[in-house]
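Novice: A predicted structure for the sequence below; I have some questions about it.
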Amino acid sequence: MIRACHDRIRIHCHSLERLGTYLEFIGCNESAQRASGDIIRFFDIAVRHHFADEEQSLLPVLLEIGKKARVPLDKAMGALQSDHLELNQTWSGLRANLQKISTGQFMHLDFLEISHLNKKYHDCLIQEETRILPFAQHYLHRRQLDELRAAMIARRAIR
Ligand SMILES: [Fe+2]
């Protein structure tokens, strides 16, 4: 579920980049408005859930396992949390303009901001996929995986 979400994040980062170019060359038509709304919904809802999955469900379990297995994970976990914070801050800057685009007011997207967000996501996802997820795959038991999955599903059921 976490890897699938990473793939969707990559797709939406790419959509954001494409939207920036589209606005420059074609303008803020209906397609741009729709794309903008889709991007906002994804980062507001799916990414918020994803960060919560990692910070509230996965990390506490892994930290506990790390302590018992004497594998120091605190640094990697701290880095992940500060990455999430920075990603949220960069996203808020872009979101305001995307909101205007979604309602038809023409607005340029800042390519530097987009590329900063995309690069930060790229680096953060690689870190998680090379450091945290292999550890989780190695140490988590079937029962723990089922509990994590159930917590993620429950999180998405709350409106
Ligand atoms: Fe992640």
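Specialist: That came through fine. Quick caveat: nothing in here was measured; it's all calculated off a predicted structure.

Novice: ok, and the closest non-adjacent residue to the residue nearest the centre of the chain?
Specialist: Using CA atoms, centre = their mean, the residue of the chain that lies closest to the mean C-alpha position is Val47, 4.2 Å off. Closest residue to Val47 apart from its sequence neighbours, by CB to CB, 6 or more residues apart in numbering: Ile9 at 6.5 Å. C-beta: built from backbone N, CA, C; applies to glycine.

Novice: Below-threshold pLDDT in the chain: ranges please.
Specialist: 159 (pLDDT under 70).

Novice: can you pull out the helices in it?
Specialist: 2-25, 30-41, 47-52, 59-69, 74-102, 111-127, 133-139, 142-157 (DSSP state H).

Novice: which outside residues touch the third one?
Specialist: Going back to what we said before, that points to helix 47-52. The contact list for helix 47-52 (CB atoms under 8 Å, 6 or more residues apart in numbering) reads Ile2, Cys5, Ile9, His84, Leu87, Asn88, Trp91, Met152, Arg155, Arg156.

Novice: Need the buried ones from these selected in ChimeraX.
Specialist: In ChimeraX, a selection of the buried entries from the contacts of helix 47-52 looks like this (16 or more other CB atoms under 10 Å):
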select :2,5,9,84,87,91,152
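
Novice: Make a markdown table out of the contacts of helix 47-52 and add distance to Pro134.
Specialist: Shown next, in a markdown table, are the contacts of helix 47-52 (distance: CB to CB, whole Å):
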| residue | distance to Pro134 |
| --- | --- |
| Ile2 | 12 |
| Cys5 | 17 |
| Ile9 | 19 |
| His84 | 20 |
| Leu87 | 22 |
| Asn88 | 26 |
| Trp91 | 27 |
| Met152 | 19 |
| Arg155 | 24 |
| Arg156 | 25 |
